[in-house]
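Chemist: this one's sequence-less:
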DNA sequence: AATGATTTAGACCACATGGTCTATAGATAG
DNA sequence: CTATCTATAGACCATGTGGTCTAAATCATT
């Protein structure tokens, strides 16, 4: 796997850190300890972005903690450019929320400044090889946060008292169309039934969901995993 | 780290797999190759759940591909019981969607049946030690899927042509209340303005969002990150 | 000083929506 | 073989909603 790399050209890297000393430290480290090519460095996110556009590096090492424009939004912007740049986030803290958000917006790796320099080189290696790199400590933090955020969501949706469960199949179909913003007339046409029948169904839905109008019904459906359950039915 | 385990009592495990041969194979493997204690086995998810309630094991090895009640919903149910059971998912395929969903609902590990038996033992070891275990190949698949799903979300929300951007502040406030299923009268009271003013705002909102009714407006808002941007304003 | 955008508000009308009640045919369950 | 549930559908009415037009006060910008 790694062997394939040796034949390739050296991966080109841009370093971004608002601390100049730290920046040159990393630069030196990479140049001495690895065979990557540091083509540019930047001390601000906005400069970094124009440098990236110019040099089209394979890898960007981005410090997250920067004044002015913070690293996370910078990463988001770079990802949006869709240049195939692979970004490694760099920070002092192992804050799970930070890690989660960085990975969410597309970072391919995440390392702490306190980590050994060998680990930094290894991370770049891995990311350059197309992989995603998270040190073990960070990946567990990531997963903790990941699962926590979804657990909260699940408690709201898959709740034991989900009124959606009381709906009949036909009522679900009607509600499904309501969640697409379709009127009585539209629903009637789509389901080949009369408009008054739709009204009956809708009224029954209101009763069961304990709401007074379509908007509330749609909101209830959306907030209680109505779309998810349709997906599941199709997927599984 | 690992050393701490030796002092503890052997971790107790329940195995779940609809294939009986496979089940006894794993059981034998664990009993011979490790010092874990297989307290029970089950060939169906529903049996597994009652066994878990009875034995309160530390670890559950759960096959995902089972007829009747599938493994994923079983995992979700077990997690809901909140017994502190740590579940490892087991399957033949490395389908990223499956992996993602398993981890999402709370699995602490995920391994393939095709993997070496040593890796299975190692996975149990890690999960028993409170960690989360994903083999390298699976974790990259997980992250790919993770990032892909959020990329799509971002493209829908942070889209360049987001009609929500054209709304004035007051219109945003009104729309915010609409997304809570509040009527004209309610909005008027909340904002201390007349009902007809609310109507004017709402009509302007419809124009700007290019929709014909509140439901569609609410759906547009929800699908285009209206709630997110309020969150973002507060959070970041 | 003037222009334009925003917020406020009213009038008027058509019609969509919600509430309630009744009723029939078919399916399902006890 | 009832009893219940479900899907269908109509009548009737009150009211909420959406469309359009007008208009005044405020505020920012030129």
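Modeler: It's in. The shown structure was predicted, so the numbers you read here are calculated from the model rather than taken from an experiment.
Chemist: residue closest to the middle of chain A?
Modeler: Centroid-nearest residue in chain A: residue A:104, 2.6 Å away (criterion: Cα atoms, centre = their mean).
Chemist: Read off the pLDDT value for that one.
Modeler: As predicted, residue A:104 sits at a pLDDT of 90.
Chemist: Now for the nearest residue to it once chain neighbours are set aside, how many residues are close by?
Modeler: Here the nearest residue to residue A:104 in space, its sequence neighbours aside, is residue B:150; by Cβ to Cβ, 6 or more residues apart in numbering or on different chains that works out to 4.9 Å. (C-beta placed from N, C-alpha, C; glycine too.) Using other Cβ atoms under 10 Å in any protein chain shown, residue B:150 has 15 other residues around it.
Chemist: At which residues are the strands of chain A located?
Modeler: A:12-16, A:37-42, A:59-63, A:86-91, A:109-112 (DSSP state E).
Chemist: Reformat those strands as JSON lines; add mean neighbour count.
Modeler: Converted to JSON lines, those look like this (neighbours: other Cβ atoms under 10 Å in any protein chain shown):
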{"stretch": "strand A:12-16", "mean neighbour count": "24"}
{"stretch": "strand A:37-42", "mean neighbour count": "19"}
{"stretch": "strand A:59-63", "mean neighbour count": "27"}
{"stretch": "strand A:86-91", "mean neighbour count": "24"}
{"stretch": "strand A:109-112", "mean neighbour count": "23"}
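Chemist: Of those strands, which is nearest DNA strand D?
Modeler: Each of those has some distance to DNA strand D by Cβ to the nearest atom of the strand; the shortest is strand A:37-42, at 32.5 Å.
Chemist: Describe which strands that closest one pairs with in its sheet and in which direction.
Modeler: Strand pairing for strand A:37-42, determined by DSSP bridges: strand A:12-16 (parallel).
Chemist: which residues sit against the partner strand?
Modeler: With contact meaning Cβ atoms under 8 Å, 6 or more residues apart in numbering or on different chains, strand A:12-16 is reached by A:23, A:26-27, A:30, A:36-45, A:48, A:51-52, A:55-63, A:66, A:71, A:74, A:124.
Chemist: ditto for stretch A:165-172
Modeler: A:164, A:175, A:201, A:204-205, A:208-209, A:226.
Chemist: Would you format the residues you listed as TSV with pLDDT and neighbour count included?
Modeler: Shown next, in TSV, are the contacts of stretch A:165-172 (pLDDT from 0 to 100; neighbours: other Cβ atoms under 10 Å in any protein chain shown):
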residue	pLDDT	neighbour count
A:164	85	19
A:175	92	23
A:201	93	23
A:204	92	16
A:205	92	25
A:208	90	18
A:209	90	21
A:226	76	21
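Chemist: Out of those residues, the closest to DNA strand C would be?
Modeler: For the contacts of stretch A:165-172, the minimum distance to DNA strand C (Cβ to the nearest atom of the strand) is 8.4 Å, reached by residue A:204.
Chemist: Give me the nearest residue to the closest one, chain neighbours excluded.
Modeler: residue A:171 (6.2 Å).
Chemist: Mind checking the strands of chain A for the one nearest to residue B:192?
Modeler: strand A:86-91 (45.1 Å; Cβ to Cβ).
Chemist: and the closest one, which strands flank it?
Modeler: Assessed with DSSP bridges, strand A:86-91 is paired to strand A:59-63 (parallel), strand A:109-112 (parallel).
Chemist: mind putting those in JSON lines, mean pLDDT included?
Modeler: As requested, these are exported to JSON lines (pLDDT from 0 to 100):
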{"stretch": "strand A:59-63", "mean pLDDT": "94"}
{"stretch": "strand A:109-112", "mean pLDDT": "93"}
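Chemist: gap between residue A:103 and DNA strand C?
Modeler: Separation of residue A:103 from DNA strand C (Cβ to the nearest atom of the strand, to the nearest Å): 37 Å.
Chemist: Surely that residue and residue B:145 touch.
Modeler: No - counting by Cβ atoms under 8 Å, residue A:103 stays clear of residue B:145, with 11.9 Å between them.
Chemist: Name the residue in the two with the higher neighbour count.
Modeler: It is residue A:103, of residue A:103 and residue B:145, that has more neighbours when counted by other Cβ under 10 Å, with 24 against 18.
Chemist: how about the residues of chain A that lie near DNA strand C?
Modeler: A:183-185, A:199-200, A:202-203, A:206, A:212-215 (Cβ under 7 Å from any atom of the strand).
Chemist: Pull up the residues of chain A that are close to DNA strand D.
Modeler: Going by Cβ under 7 Å from any atom of the strand, the residues of chain A near DNA strand D are A:168-171, A:191, A:193-197, A:199-201, A:213.
Chemist: wait, what's in contact with the residue nearest to residue A:104?
Modeler: Taking Cβ under 8 Å, 6+ apart as the test, what residue B:150 contacts is A:104-106.
Chemist: Kindly report the same for residue A:148.
Modeler: Neighbours of residue A:148 in contact, by Cβ under 8 Å, 6+ apart: none.
Chemist: that older thread, tabulate the residues of chain A next to DNA strand C (CSV), appending neighbour count.
Modeler: Shown next, in CSV, are the residues of chain A next to DNA strand C (neighbours: other Cβ under 10 Å):
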residue, neighbour count
A:183, 17
A:184, 19
A:185, 10
A:199, 14
A:200, 14
A:202, 20
A:203, 10
A:206, 16
A:212, 11
A:213, 15
A:214, 23
A:215, 23
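Chemist: Could you point out which of those is nearest to DNA strand D?
Modeler: Comparing those against DNA strand D with Cβ to the nearest atom of the strand places residue A:200 closest, at 4.1 Å.
Chemist: pLDDT weak spots in chain A?
Modeler: A:1-9, A:67-69, A:154-160, A:227-236 (pLDDT under 70).
Chemist: residue ranges of the helices in it, please?
Modeler: Assignment of helices within chain A using DSSP state H yields the ranges A:3-7, A:20-33, A:45-55, A:71-81, A:96-104, A:117-128, A:136-157, A:169-178, A:184-191, A:195-209, A:214-223, A:226-235.
Chemist: got the angle for the fourth one vs helix A:45-55?
Modeler: Right, the one you point to is helix A:71-81. 30 degrees (axes from the mean of the first three to the mean of the last three Cα atoms, to 10 degrees).
Chemist: Can you check what angle separates helix A:71-81 from helix B:136-157?
Modeler: Using the same axes, to 10 degrees: helix A:71-81 against helix B:136-157 is 80 degrees.
Chemist: What of the third one?
Modeler: Going by the same axes, to 10 degrees, helix A:45-55 is angled at 110 degrees with respect to helix B:136-157.
Chemist: in helix A:45-55, what counts as buried?
Modeler: A:45, A:48-49, A:51-52 (16 or more other Cβ atoms under 10 Å in any protein chain shown).
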